[in-house]
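Peer 1: got a predicted structure plus its sequence, pasted below:
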There are 2 protein chains.
Amino acid sequence: MARDRKETEQRLVEAAGRVLARDGFKKLGVNAIAREANLDKVLIYRYFDGLSGLIDAYARQGDFWPSTEELLGEDLAEFKQRSLSDQLSQIVDNYAAGIRRRPLTLQILAWEMVERNELTMHLEKVREKSGAKLFEWVWYDDKATADSQIDIEALMTLFSACTNYLAARSTSIRVFNGIDISEEDGWQRLTNMMKKICHSLL
Amino acid sequence: MARDRKETEQRLVEAAGRVLARDGFKKLGVNAIAREANLDKVLIYRYFDGLSGLIDAYARQGDFWPSTEELLGEDLAEFKQRSLSDQLSQIVDNYAAGIRRRPLTLQILAWEMVERNELTMHLEKVREKSGAKLFEWVWYDDKATADSQIDIEALMTLFSACTNYLAARSTSIRVFNGIDISEEDGWQRLTNMMKKICHSLL
DNA sequence: TTGACAAGTCACCATTTGGTGACTAATTTG
DNA sequence: CAAATTAGTCACCAAATGGTGACTTGTCAA
């Protein structure tokens, strides 16, 4: 192999991602990453000043969260035309699909339950920004929101908490509370319920 | 100290509980427990055949989940008189309060996200039984349930998933999605929202 | 009181972890 | 071409982990 620092760094970062996705964060250590990358762990210290630095570099280049377009759909102008409950319904659907298709995000969501580190803090920030952006697109524009006595923030917290939890848990169990969260139908029941709530409440 | 197997076993079990509550499951190992109990770790192997056995013994004697009375209230006869939405509202309130006041349960809920073991499997079973019992008390008796096109199972899954997630997360972060889950008011907003949903849906 | 068994102590093992210093070999720069 | 810099290898360290064998000491029954 050629001696190329950039490439080596990249290989380490990618190896970290693979270990995380495959074995979960419990096994994510310098030894495991170096082994996975077929490189010496000393390079992790030299190039990234340790595991934290590597994880930090990884966080910067990963795609861990559904983008605004992913949540709202391509046609933003059209989205704005819809009713509030339709908007929220769409977000609910896309959000669940968006995080479920990201195995690494599910790992990090589980990780968050246990400790804070570069990756989980990165995800926290991304999530915060994403939330704020959504806020701009949706409820600020809708006059009905202010009037309706509905605590939209609480509602969306309810939905996202439930989705995060069940999506993360679905990596290790199939059934929760009688619902098969490993299959599409189970999720259909859940997202349908959320959409029903949106329409019944707003 | 007197030589008393029963007492020693008890001391080990309690030490395990203290380590779990204080340091979380990441630090729950034979060494840490023995240290905490001021006993030799070999006793864990002799009396419990290892960590799994100890944890199993611990699971058997712990109070990890709100009882039916805790969820439905003292007066079961009176409970049955209420409307379905009132019943669910009450359960929602008591459930959140019930798990939030159990620090060990919050640790186990976090643990569940990461791996299955005696404790998490025990909790799974307890939860399952509790769910079935509730089911008997509530919806089976209510004729409206069958008629209403509402997927009650999905609704309760939504609520419990959200509650589990935020309660467990509140051990390490204060604010989620703009809501202060470390304080009573934040939880008020959430449970109010859930109750509002119950009443609007049923 | 003496013997047997159980309770508890202690020293040790292999393995894994994060982390470092010293080396060799390749590449760039003058 | 030579010197200096940098990439990568290797051998090691201390600490902590789970786990075991052999020992001593207390307790209880015959």
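Peer 2: Nice, I can see it. Note that this is a predicted model, so its numbers are computed, not measured.

Peer 1: contact partners for residue A:73?
Peer 2: By Cβ atoms under 8 Å, 6 or more residues apart in numbering or on different chains, the residues touching residue A:73 are A:79, A:90, A:94. (C-beta placed from N, C-alpha, C; glycine too.)

Peer 1: quick one: least confident of those residues?
Peer 2: Within these, residue A:79 has the lowest pLDDT, namely 92.

Peer 1: what ranges do the strands span in chain A?
Peer 2: A:175-176, A:179-180 (DSSP state E).

Peer 1: quick one: closest of these to chain B.
Peer 2: Nearest to chain B, of all these, is strand A:179-180, at 5.1 Å by Cβ to the nearest Cβ.

Peer 1: partners of the closest one in the sheet?
Peer 2: strand A:175-176 (antiparallel) (DSSP bridges).

Peer 1: who touches the strand it pairs with?
Peer 2: A:166, A:169, A:170, A:181, A:182, B:157, B:161.

Peer 1: TSV for the contacts of residue A:73, including distance to residue A:119?
Peer 2: Formatted as TSV, the contacts of residue A:73 follow (distance: Cβ to Cβ, whole Å):
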residue	distance to residue A:119
A:79	31
A:90	29
A:94	23
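
Peer 1: of the strands of chain A, which stretch is the most buried?
Peer 2: strand A:179-180 (a mean of 19; mean count of other Cβ atoms under 10 Å in any protein chain shown).

Peer 1: can you list contacts of that strand?
Peer 2: So strand A:179-180 is contacted by A:174, A:186, A:189, A:190, B:153, B:154, B:157 (Cβ under 8 Å, 6+ apart).

Peer 1: can you give me every residue that contacts the fifth one?
Peer 2: Going back to what we said before, that points to residue B:153. Applying Cβ under 8 Å, 6+ apart, we find residue B:153 in contact with A:177, A:178, A:179, A:189.

Peer 1: again with the last one
Peer 2: Under the criterion of Cβ under 8 Å, 6+ apart, the contact list for residue B:157 reads A:162, A:166, A:176, A:177, A:178, A:179, A:190.

Peer 1: quick one on the thing from earlier: can you tell me which of the contacts of residue A:73 are in helices?
Peer 2: A:79, A:90, A:94 (DSSP state H).

Peer 1: closest one of the contacts of residue A:73 to chain B?
Peer 2: Closest to chain B out of those is residue A:94 (16.9 Å), distances taken as Cβ to the nearest Cβ.

Peer 1: can you list the domains in chain A?
Peer 2: As given by automatic domain parsing, the domain ranges for chain A are A:5-61, A:68-201.

Peer 1: of the ones you listed, which shows the lowest average pLDDT?
Peer 2: Among the domains of chain A, domain A:68-201 carries the lowest mean pLDDT (a mean of 91).

Peer 1: off-centre distance for it?
Peer 2: Relative to its parent chain, domain A:68-201 has a centroid offset of 10 Å by Cα atoms, centre = their mean, to the nearest Å.

Peer 1: wait, residue A:182 sits on residue A:172?
Peer 2: No. Contact criterion Cβ atoms under 8 Å: residue A:182 and residue A:172 do not qualify, at 9.9 Å.

Peer 1: ok, which of the strands of chain A comes nearest DNA strand C?
Peer 2: Within those, the stretch nearest DNA strand C is strand A:175-176; the backing value is 30.4 Å (Cβ to the nearest atom of the strand).

Peer 1: picking that back up, what subset of the contacts of strand A:175-176 is buried?
Peer 2: A:166, A:169, A:170, A:181, B:157, B:161 (16 or more other Cβ atoms under 10 Å in any protein chain shown).

Peer 1: which ones are touching the residue of chain A found nearest DNA strand C?
Peer 2: Residue nearest to DNA strand C within chain A: residue A:29 (2.2 Å; Cβ to the nearest atom of the strand). By Cβ under 8 Å, 6+ apart, residue A:29 lies in contact with residue A:51.

Peer 1: give me the phi and psi for it.
Peer 2: Residue A:29 adopts backbone torsions of phi -140, psi 170, taken as degrees, to the nearest 10.

Peer 1: same check on residue A:39?
Peer 2: According to degrees, to the nearest 10, residue A:39 has phi -130, psi 170.

Peer 1: tell me the one of the contacts of strand A:175-176 nearest DNA strand D?
Peer 2: Taking the contacts of strand A:175-176 together and measuring to DNA strand D by Cβ to the nearest atom of the strand, the closest member is residue A:169, at 24.5 Å.

Peer 1: residue B:43 is nearest to which of the domains of chain A?
Peer 2: With distances scored as Cβ to Cβ, the stretch of these nearest to residue B:43 is domain A:5-61 (27.1 Å).

Peer 1: that closest one: end-to-end distance?
Peer 2: In domain A:5-61, first residue to last residue: 17 Å (Cα to Cα, to the nearest Å).

Peer 1: check stretch A:60-79 too.
Peer 2: Per Cα to Cα, the first residue of stretch A:60-79 is 30 Å away from its last.

Peer 1: pull out the buried residues from that stretch.
Peer 2: Quick answer for stretch A:60-79 (16+ other Cβ under 10 Å): A:62, A:64, A:65, A:66, A:71, A:72, A:79.

Peer 1: list the contacts for residue A:102?
Peer 2: Counted by Cβ under 8 Å, 6+ apart, residue A:102 has contacts A:63, A:64, A:65.

Peer 1: likewise residue A:119?
Peer 2: Neighbours of residue A:119 in contact, by Cβ under 8 Å, 6+ apart: A:55, A:58, A:59, A:108, A:111.

Peer 1: report the contact partners of the nearest residue in space to residue A:47 that is not next to it in sequence.
Peer 2: Spatial nearest neighbour of residue A:47, excluding adjacent residues (Cβ to Cβ, 6 or more residues apart in numbering or on different chains): residue A:9 at 5.3 Å. Neighbour list for residue A:9: A:47, A:48, A:57 [criterion: Cβ under 8 Å, 6+ apart].

Peer 1: near DNA strand C, which residues of chain A are found?
Peer 2: With Cβ under 7 Å from any atom of the strand as the criterion, chain A meets DNA strand C at residues A:2, A:3, A:27, A:29, A:30, A:31, A:32, A:41, A:42, A:45, A:50, A:51.
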